[in-house]
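Chemist: okay, here's the prediction I keep looking at, along with the sequence it came from:
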Amino acid sequence: MPGGRLTQQERQQIALGLADGLAYAEIARRLDRPTSTITREVMRNGGPTAYRADLAHRATERRTQRRVQTARQGAQASPQPHGRDAEAVREYEEAFTTVFMQAGTPKMMSRVLACLYTTDAGSLTASELVQRLQVSPASISKAVAFLESQGLVRRERDERRRDRYVVDDDVWYQSMMASARSLAQVIETARQGVGILGPDTPAAARLENIARFLDFVTESTVRAAEQGREVLHTKLAAVPGGTVAPRSD
């Protein structure tokens, strides 16, 4: 299986495969590449409906140039905390970003989330995010506003009265609760439609089934989130093999 960066010809084959409706795995098989490579390439360059080989190739060249410049600028910088491999961390952040994008989160929002989650403090200021991601302050502002609206980050003031954007232990719980509240609005609106369209009509039956399904899912989600909330606050201890396990204090 070949390694190294994708060539422009391979990117053109990816674009043709997407146009033909091929799955990522099939495109990867034809190029003799890992499926994860194709998935990451497509998701970081517009997604399956907007991917263009020429634009993707130029974007990759720009990213490579920025990394070289950053590496030169940071050659004398302090090492990664805890003895981490800086390149391995960067690659992991890219993979994590791709996962968020596959789940439907826009690219810049995904990059901010991955950056916050791989920071030991779990929080960064806007200027720190700008520096780490090498993007404009406006891009960070827009991304954070979206993530706040989804309950995926929260904002707090530090001792210097700067806004810090935080992903703490409770953020996924709060996000699920926000999702449940949003579904509750869909349920209510669907049931309003039953009365308007007539209880004995096919359209009304469809809306009622949707409402009952979402009712069940919402109730189950809230119950599971409440029961599982303590998992988010479980302290972990290192065990042999580089993994972690819950510990009791």
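Modeler: That came through fine. Numbering: from 1, shown residues only.

Chemist: from residue 104, how far off is residue 141?
Modeler: Between residue 141 and residue 104 the computed distance is 21 Å (Cβ to Cβ, to the nearest Å). The way it works is simple: take the backbone N, C-alpha and C, and place the C-beta from them, glycine included.

Chemist: which one's more surrounded, these two?
Modeler: Counted by other Cβ atoms under 10 Å, residue 141 and residue 104 do not tie: residue 141 has more neighbours, with 13 against 7.

Chemist: let me know the pLDDT of the more buried one.
Modeler: Listed pLDDT for residue 141 reads 92.

Chemist: which residues touch the closest residue to it other than its chain neighbours?
Modeler: Excluding its sequence neighbours, the residue lying closest to residue 141 (Cβ to Cβ, 6 or more residues apart in numbering) is residue 126, at 6.9 Å. If you count contacts by Cβ atoms under 8 Å, 6 or more residues apart in numbering, residue 126 has them with 137, 140, 141, 144, 163, 165.

Chemist: can you tell me which of these are buried?
Modeler: 140, 144, 165 (16 or more other Cβ atoms under 10 Å).

Chemist: helices - which of the contacts of residue 126 land there?
Modeler: Mapping those onto helices (DSSP state H) picks out 137, 140, 141, 144.

Chemist: what's the separation between the closest residue to the last one other than its chain neighbours and residue 143?
Modeler: This points to residue 144. Closest residue to residue 144 apart from its sequence neighbours, by Cβ to Cβ, 6+ apart: residue 165 at 5.4 Å. Using Cβ to Cβ, residue 165 is found at 9 Å from residue 143.

Chemist: please enumerate the shared neighbours of the two.
Modeler: What both residue 165 and residue 143 touch, as defined by Cβ under 8 Å, 6+ apart, is the set residue 112.

Chemist: relative to its centroid, which residue of this structure is most remote?
Modeler: residue 200 (42.7 Å; Cα atoms, centre = their mean).

Chemist: low-confidence ranges in the protein?
Modeler: Within the chain, the segments meeting pLDDT under 70 span 1-3, 64-79, 235-249.

Chemist: what's the domain layout of it?
Modeler: 8-73, 81-166, 171-233 (automatic domain parsing).

Chemist: sorry, back to before: export the ones in helices among the contacts of residue 126 to CSV and append columns for distance to residue 195.
Modeler: CSV is the format used below for the ones in helices among the contacts of residue 126 (distance: Cβ to Cβ, whole Å):
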residue, distance to residue 195
137, 49
140, 45
141, 43
144, 40
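
Chemist: ok, those residues vs residue 109, which is closest?
Modeler: residue 144 (8.4 Å; Cβ to Cβ).

Chemist: from residue 80, how far off is the closest one?
Modeler: In terms of Cβ to Cβ, residue 144 sits 25 Å off from residue 80.
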